[in-house]
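Colleague: Got a predicted structure plus its sequence, pasted below:
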Amino acid sequence: MSSLPVAYRYAQPADTSFFMNSYLKSFREAGINKAINTHEYYTLQGEWVNTQFVAPYSHLILAVNPETPDQIYAYIWYFDLGDHRFINWLYVKQPFRKFGLARNLIEQALLGFEGSIYYTHFNANVPKLKNNVKHCKYVPFYYLNRPGESK
């Protein structure tokens, strides 16, 4: 593993387009999502992610080039629900894989956190999560409304 200069920061409004495009494309390639009609997938998944992305419990940490912070290498998207954290998606651009970014983003998202950790999607990054986080559990049904929210 060679060295890659990296900085970590929370997402800013200018990062939204990159996140939405990369999330929808990479999530589309994960498992059963390929079987969904393309128009329906991008419409329905796009609506869902737009709603969840702006929720107050939603957080996106980016791994970026420290000299050019607009150059995004990778990100982790998670929900912080107090005593629970739900890791929704971990994405690393192809040229920046094998630099430890996935592991470091997991560490950033869980820094100082003592509660329960869940992951909501099963993709190629799950082994990295399971190798770096003890007692994480797969829970794909986080689409349910949070207590006190209406449908």
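Modeller: Thanks, I have it.
Colleague: unless I'm mixing things up, F79 is touching L60, no?
Modeller: No - with contact defined as Cβ atoms under 8 Å, F79 does not count as touching L60 (10.7 Å). The way it works is simple: take the backbone N, C-alpha and C, and place the C-beta from them, glycine included.
Colleague: got the contact list for S26?
Modeller: W89, Y91, N123 (Cβ atoms under 8 Å, 6 or more residues apart in numbering).
Colleague: can the residues you listed go into a markdown table with extra columns for pLDDT, distance to R103 and neighbour count?
Modeller: Below are the contacts of S26 laid out as a markdown table (pLDDT from 0 to 100; distance: Cβ to Cβ, whole Å; neighbours: other Cβ atoms under 10 Å):
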| residue | pLDDT | distance to R103 | neighbour count |
| --- | --- | --- | --- |
| W89 | 91 | 16 | 21 |
| Y91 | 93 | 14 | 24 |
| N123 | 70 | 15 | 16 |
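Colleague: Mind checking which of those residues are in strands?
Modeller: Among the contacts of S26, DSSP state E puts W89, Y91 in strands.
Colleague: now the contacts of S26 in a markdown table, with distance to D15?
Modeller: As requested, these are exported to a markdown table (distance: Cβ to Cβ, whole Å):
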| residue | distance to D15 |
| --- | --- |
| W89 | 14 |
| Y91 | 12 |
| N123 | 21 |
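Colleague: ok, the contacts of S26 vs K98, which is closest?
Modeller: Y91 (14.7 Å; Cβ to Cβ).
Colleague: Thank you, goodbye.
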